[in-house]
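Trainee: Give me a model of this one.
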Amino acid sequence: MSFLALFQTAAVTQRIVDQAADFFQRWHSSQAIDINDAILAATALETGGMIYTLNRKHFPMPEVAVQKAW
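Mentor: Purely as a prediction, here's the structure:
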C-alpha cells in the first residue's frame with residue numbers, strides 16, 4: 001500500500017466554501033491565515049477529519065481538530 005493510499009479525498013462543496021469564507025473573515029487579519037488554510041480547516045470540520053501540521057498558528061479555529069505533526 002502506498003503512503004498516499006492512506007488518505008481520503010473530499011469534494012469542496014458549497015457548505016465547505018461558505019465555512020471557509022467565514023473562517024477567512026474571522027481569522028485572516030488576526031492570524032494571517034490564507035484561503036488555503038481556511039478551505040482545509042472547513043473541509044476537516046465538515047468531514048470530521050484531523051489536520052496534522054507543524055504550524056498550528058495557521059489553524060486557530062477552536063472547533064477544528066488540529067494535531068501537531070511529528
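Trainee: which residues in this structure form helices?
Mentor: Applying DSSP state H to the chain gives helices spanning 14-31, 35-47.
Trainee: Which one, of these, ends up nearest to Ala69?
Mentor: Nearest to Ala69, of all these, is helix 35-47, at 13.5 Å by C-beta to C-beta. C-betas here are computed from N, CA, C, even on glycine.
Trainee: and the closest one, how far from the chain's centre?
Mentor: Relative to its chain's centre, helix 35-47 lies at 3 Å (C-alpha atoms, centre = their mean, to the nearest Å).
Trainee: Enumerate the positions of that helix that are buried.
Mentor: Going by neighbour count (16 or more other C-beta atoms under 10 Å), the buried part of helix 35-47 is Asp37, Ala38, Ile39, Leu40, Ala41, Ala42, Thr43, Ala44, Leu45.
Trainee: residues in contact with the last one?
Mentor: Think Leu45. By C-beta atoms under 8 Å, 6 or more residues apart in numbering, the contact list for Leu45 reads Gln19, Met61, Glu63, Val64.
Trainee: again with the first one
Mentor: Asp37 makes contact with Phe23, His58, Phe59 under the criterion C-beta under 8 Å, 6+ apart.
Trainee: Most neighbours of all those residues, which one?
Mentor: Greatest neighbour count in those, by other C-beta atoms under 10 Å, goes to Phe23: 25 neighbours.
Trainee: From Val64, how far off is that residue?
Mentor: 8 Å (C-beta to C-beta, to the nearest Å).
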